[in-house]
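> show me how the following folds:
(2 chains)
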Number of protein chains: 2
Amino acid sequence: MQTSKIHIQDEFWNRYSELVRSTVIPYQWEALNDRIADAEPSYAIRNFRIAAGLEEGEFGGWIFQDSDLYKWLEAVAYSLRRHPDPELEKVADEAIALIGQAQHDNGYLNTYFTIQEPGKQWTNLYEAHELYCAGHLIEAAVAYCEATGKRSLLDIACRFADLIERTFGTEAGQIRAYCGHQEIELALVKLHGVTGEERYLALSRYFIDERGSKPNYFIGEWERRGRTGIWSQGTPNLEVYQSHLPVREQSVAVGHSVRAVYMYTAMADLARLTGDDKLREACERLWANTTGKQMYITGGIGATHLGEAFTFDYDLPNDTVYAETCASIGLIFWARRMLRLEAKSEYADVMERALYNNVLGSMSTDGKHFFYVNPLEVWPDASIHNPDRRHVKPVRQKWFGCSCCPPNVARLLSSLNDYIYDVSDDGKTVYAHLYIGSEASFELACGTVALRQHSALPWDGRVEFTVSLPEAREGAAFELGLRIPAWFQDGRPVLNVNGEEREYRVEKGYAKAERRWADGDRVEWLLPMETKLVAAHPQIRADAGKAAIQRGPFVYCVEQADNGAPLASLSMAAEPNLRSYADADLLGGCVVVEGDARVADDTAWEDGLPYRPLDQEKKRAARFKAIPYYLWGNRAPGEMSVWMRL
Amino acid sequence: MQTSKIHIQDEFWNRYSELVRSTVIPYQWEALNDRIADAEPSYAIRNFRIAAGLEEGEFGGWIFQDSDLYKWLEAVAYSLRRHPDPELEKVADEAIALIGQAQHDNGYLNTYFTIQEPGKQWTNLYEAHELYCAGHLIEAAVAYCEATGKRSLLDIACRFADLIERTFGTEAGQIRAYCGHQEIELALVKLHGVTGEERYLALSRYFIDERGSKPNYFIGEWERRGRTGIWSQGTPNLEVYQSHLPVREQSVAVGHSVRAVYMYTAMADLARLTGDDKLREACERLWANTTGKQMYITGGIGATHLGEAFTFDYDLPNDTVYAETCASIGLIFWARRMLRLEAKSEYADVMERALYNNVLGSMSTDGKHFFYVNPLEVWPDASIHNPDRRHVKPVRQKWFGCSCCPPNVARLLSSLNDYIYDVSDDGKTVYAHLYIGSEASFELACGTVALRQHSALPWDGRVEFTVSLPEAREGAAFELGLRIPAWFQDGRPVLNVNGEEREYRVEKGYAKAERRWADGDRVEWLLPMETKLVAAHPQIRADAGKAAIQRGPFVYCVEQADNGAPLASLSMAAEPNLRSYADADLLGGCVVVEGDARVADDTAWEDGLPYRPLDQEKKRAARFKAIPYYLWGNRAPGEMSVWMRL
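Predicted coordinates for the structure are as follows:
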């Protein structure tokens, strides 16, 4: 765990942390209490009240409903860290007390099994998400303790973790198994971090090591349950649960994409903390496959809604896409851990891509509506009338019966300060991964160093750092590692120190500037933004003959609101004469991109004639207008497309 | 019913009727008897043996399995009409005897209910296909009687039809309902035709009139069954079964596409036979919608595999497509009936489009492998690894558990002689809808007229008719109506009579040549074929920026075998310099189309880099090679695409 303190102060991101604090967290609390009109009920609080014996009733919602409350508490913790708020803390403390009341004497805690299937604990690890929910409890407990210093939730979590440690393992009388939905593995690493207890790290490692061993636990469990399942039919599909192979033998991302990236996150943590090279190599192989061959340009992963899963290399359909919000969040978790393993800019590039596009786009500008699926192409009529596209919603929803995504967005956005910097193990280098305005303080080999970052991103590529040395007024020798973003492609960025351009070496995508820094030193890092057209790999058939627009970290899209419909009639001119300009009135303010296009003229078509000779086709010139992808779907429902025909 | 006699003698089609006779019919007989190694068993014959008390066992296969045997018998009947074959007739007679043994004393005949749910007859009209199977029994019986003069199967069918007539209707004690899968309606029209019994026509009309009336029968039936279903869950989706509205109020093709077109076929029959204008108008509206807004360029219909259904206007995805073989066959049935209602060339154009492309393509050149789904774009890896595309098979299958399509192809191809000509009601005009070499004889107002057609189609657009007048040696006055195909678009085709060009008037797409014809008159009808590029309506988003190739009745496609992969990397040059030539060695001989293309150069891509600046893109010139769509998938499995990027 890092001993850095980082506080975001940024024009772009302050709005989001404020939105999470003032809107998302209170709104989600209402949702957890089933008080949002016209939205699907959550049942989460009600389940805890029933399990605690305070209310009578049946369990409601999904079997993993508890995790929504835990994820909300985790977001609250991060928010309290930034904005102390005694009233919110009181609500959270009451929720924690309720959780405590629902815990069994032996430490067991899960409202579904307490209410609905007492005595059936640990009999359906394949589907029932008990360890998954425990993982989210642990993550919330760690965050809440770190934010408030209160141990109440941490004690609950440790009691449950201790029970789990006694229950699972290779000893006689223990269950030799692991969870159908990975999550506890990464949570136990955090619990190890905050408690210092090695056994939590060992338990995490046990779950990772055991996964995919033969004979497969899930198959045996399914047999014992009389070959029945809650959702799944037939023999368990082991790829869906990434238990088809021992994790160190896996090379290709398969199955449910959230499960996958949560697991890879824990694998990267364990590789770092235990120095496990085989695990690290597996992480690197899986990273290369996931981000090199199975990732949308928006940082979305998961190409099919059937199983919410990866499909295969280069299969990235834009219309039947899944690209679940939680999967991109998991990808960001994983990228963050890979950066800790090795400061290599491609990890931060992917983190930035997923954050500024897929994840940011999943929430409406009002903070109350969310996408679960983040498509790259939308035709609203098809979402209604074609069942293959019914999962693709053209407007963000208030709340979901399976509402894993909204609280996940809240916890990520409110902990974004943890994603900006790293300090190298030798304490000699400060790496800046993301350019987000902030006040930071690091304990380096040379002593305490504070960095104030001012960033004009995401709209402009000008970043400034000011060094403060509260202790060492005579100067401090350390290295600054500034990420050169993949989207900057015009030679080397200019680095000025106190107004003078400086040479630097580039290592793994970071500009390395080493010197004895003086208090008040000013670093300018210039990444002039240009609007770029991007092509996809020819193997990505869905994007053939098309281009996407990118400007800085933002991927752009065209919407019906600006360009009419059908959008498929629009094609970019060979020389599109792109122009970008800030529009302060559009969608809360953004930089718009315009360019020359040609539009098929369908006025000349006889109605009801589906096909005719090509030589009758007419086109007219037009200008297209594109907006950042993350702002799509905030106007009247209409068509949207990231990729434009050339 | 027509009194014309038409015998096909055609270089292209003889091969198919011979294939059906010598291969398809014997192969399917083996399949019906579960004697094909490595293919899914049919159980059809076994079910009849069990129902007849000759064998013990459980019912096997789908609930509508009986219909496979009936459709096979219908195909046999048509084949016997062309090629008398005592051995085959003996096999058929034995099958008919078996069917008779499985019939109940009261006329009831359905092996599923006899074996599996005795006493439950007529309790699940929504799903159980009893009347559907009865319909196929009737069609087979009519065909077999017409081909052989034998009444055995017709008697069985009439006994069952009589039971159905007593069982269903608006009288007290009758079930006021209709079948979940339309088919009996069109069959009863045929039974009326061969028996002359008005009550069969009335029963057909009753089923059509009753459909969609309120309160909906299927909803009530589902309630009575305790809200359970065989396949479907939840309240019956009435659109799937086209019972959401009375048929005369329907304007848009919805739901299961085979059900829809079978129903429209019966509606067109009834509109003609009963002079029902409202029914005719509904047919015309539904035709305009189906063929104008929901039909693939191959004549395929049904855009989604979920419910094997229509989706909505202009939604014609090429990759997740359904385009079931049976649906195109049903479209041909319907087009045939629309032509009888009104000789309008667009009906024959659609008939030709579906026949030469979707239907012909569904069968392999060896007659033993079939497509159920007929895609316009195939990526074999996606069919394996992306569950949204698993229904799209890159190679034809030996037999299907639900094997409605193969026997449907057999009965269509072996009765193709019924699709070539019509005689107007006044007996004064002979219409030629399809250009298929044949010997025909018509009873016209002027007496018996024989026409020998010689056709160079589908490869060349030269057709010749020779008039024979066996009775009236002094000449006979009648009109010849020659369809001007939609694919002929270079002015007016030339019509020569005895070597001299003749003027003609055009009526509803038919060239009308009226005169007193003499014995031996020769008509030349010249439709020079050009290779055309075709565009889709701009609302068809899936085809935007693309072109298809058509030459005569054939739609073309590119295959990996000729063009490499990924096919998406291939785009047609602005001036493609198309060249077509006959290749006698390719796939049994066909006309190939070549043109200039550009291919994305993926050798310059770094492996694992999914996106990069567009300005790095390189293309190289190439020639593409396209083959007729109906021949795709007869080589090593690979990519295929009908639409090519421009």
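
> confirm that residue A:417 sits in a strand.
No - per DSSP: H, G, I helix; E, B strand; the rest coil, residue A:417 lies outside any strand segment and is helix.

> what's the neighbour count on it?
By the measure other Cβ atoms under 10 Å in any protein chain shown, the count of residues near residue A:417 is 22. Every C-beta, even on glycine, is put in place using the N, C-alpha and C of the backbone.

> before we move on, what about residue A:492?
Neighbour count for residue A:492, taken as other Cβ under 10 Å: 11.

> wait, doesn't it sit right on residue A:505?
No - using Cβ atoms under 8 Å, residue A:492 is not in contact with residue A:505; the gap is 10.5 Å.

> tell me the secondary structure for the residue in the stretch 501-646 of chain A that chain B sits nearest to?
With Cβ to the nearest Cβ, the shortest gap between the stretch 501-646 of chain A and chain B falls at residue A:608, namely 3.2 Å. Classification of residue A:608 using three-state DSSP returns coil.

> who's in contact with it?
By Cβ atoms under 8 Å, 6 or more residues apart in numbering or on different chains, residue A:608 lies in contact with B:288, B:289, B:292, B:293.

> got it, and residue A:494?
Listed by Cβ under 8 Å, 6+ apart, the contact set of residue A:494 reads A:501, A:524, A:525, A:526.

> quick one on the thing from earlier: what about chain A: which of the contacts of residue A:608 touch it?
Subset of the contacts of residue A:608 in contact with chain A: B:288, B:289, B:292, B:293, counting by Cβ under 8 Å from any Cβ of the partner chain.

> those residues: which two are farthest apart?
B:288 and B:293 (8.0 Å; Cβ to Cβ).

> between those two, which has more neighbouring residues?
Each of residue B:288 and residue B:293 has its neighbours counted (other Cβ under 10 Å); residue B:293 has more, 22 against 16.

> measure the more buried one to residue B:540 for me?
9 Å (Cβ to Cβ, to the nearest Å).

> any common contacting residues for those two?
Applying Cβ under 8 Å, 6+ apart, one finds that residue B:293 and residue B:540 are jointly contacted by A:610, B:314.

> ok, back up a step: for the ones next to chain A among the contacts of residue A:608, which one is nearest residue A:221?
Using Cβ to Cβ, residue B:293 is the member of the ones next to chain A among the contacts of residue A:608 that sits closest to residue A:221, with 50.4 Å.

> residues contacting the closest one?
Listed by Cβ under 8 Å, 6+ apart, the contact partners of residue B:293 are A:608, A:610, B:313, B:314, B:539.

> tell me the pLDDT of it.
Residue B:293 carries a pLDDT score of 97 in this model.

> how many other residues sit next to residue A:10?
21.

> that one reaches residue A:439, doesn't it?
No - shown here, residue A:10 and residue A:439 do not form a contact pair, counting by Cβ under 8 Å, at 10.4 Å.

> residue A:496 belongs to a helix?
No - with three-state DSSP as the criterion, residue A:496 is located in strand rather than a helix.

> how close does the nearest residue to it once chain neighbours are set aside sit to residue A:464?
Nearest residue to residue A:496, sequence neighbours excluded (Cβ to Cβ, 6 or more residues apart in numbering or on different chains): residue A:524, at 4.0 Å. Noted for residue A:524: a distance of 5 Å to residue A:464, by Cβ to Cβ.

> same question for residue A:555.
Distance from residue A:555 to residue A:464, by Cβ to Cβ: 26 Å.

> compare neighbour counts for those two and give me the winner.
The residue with more neighbours, out of residue A:555 and residue A:464, is residue A:555; 28 against 17, by other Cβ under 10 Å.

> what helix or strand does that one sit in?
Per DSSP states H and E, residue A:555 falls inside strand A:554-559.

> get me the contact residues on the stretch 151-300 of chain A for chain B.
So the stretch 151-300 of chain A meets chain B at A:288, A:289, A:291, A:292, A:293, A:295, A:297 (Cβ under 8 Å from any Cβ).

> can you do 10 Å?
Contacts of the stretch 151-300 of chain A with chain B, taken as Cβ under 10 Å from any Cβ of the partner chain, map to A:254, A:287, A:288, A:289, A:291, A:292, A:293, A:294, A:295, A:296, A:297.

> and these, which is closest to residue B:380?
Distance to residue B:380 across those (Cβ to Cβ) is lowest for residue A:293, with 17.5 Å.

> where does chain A have its least confident helix or strand?
helix A:405-413 (a mean of 87; mean pLDDT, DSSP states H and E).

> export it to CSV, keeping only CA atoms.
In CSV, the C-alpha atoms belonging to helix A:405-413 read as follows (Å, rounded to 0.1, in the frame of the first residue of the first chain):
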residue,chain,number,x,y,z
CYS,A,405,-22.7,-1.1,-12.4
PRO,A,406,-24.0,2.1,-10.8
PRO,A,407,-22.3,1.6,-7.4
ASN,A,408,-19.2,0.4,-9.1
VAL,A,409,-19.0,3.7,-11.1
ALA,A,410,-19.5,5.6,-7.8
ARG,A,411,-16.7,3.8,-6.0
LEU,A,412,-14.3,4.2,-8.9
LEU,A,413,-15.0,7.9,-9.5
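
> same for the helix or strand just after it, what does it pack against?
Helices and strands here follow DSSP H and E; after helix A:405-413, the next one along the chain is strand A:421-423. Applying 3 or more Cβ pairs under 10 Å, 6 or more residues apart in numbering or on different chains; DSSP states H and E, one finds that strand A:421-423 contacts helix A:325-341, strand A:429-432, strand A:438-444, strand A:447-455, strand A:476-483.
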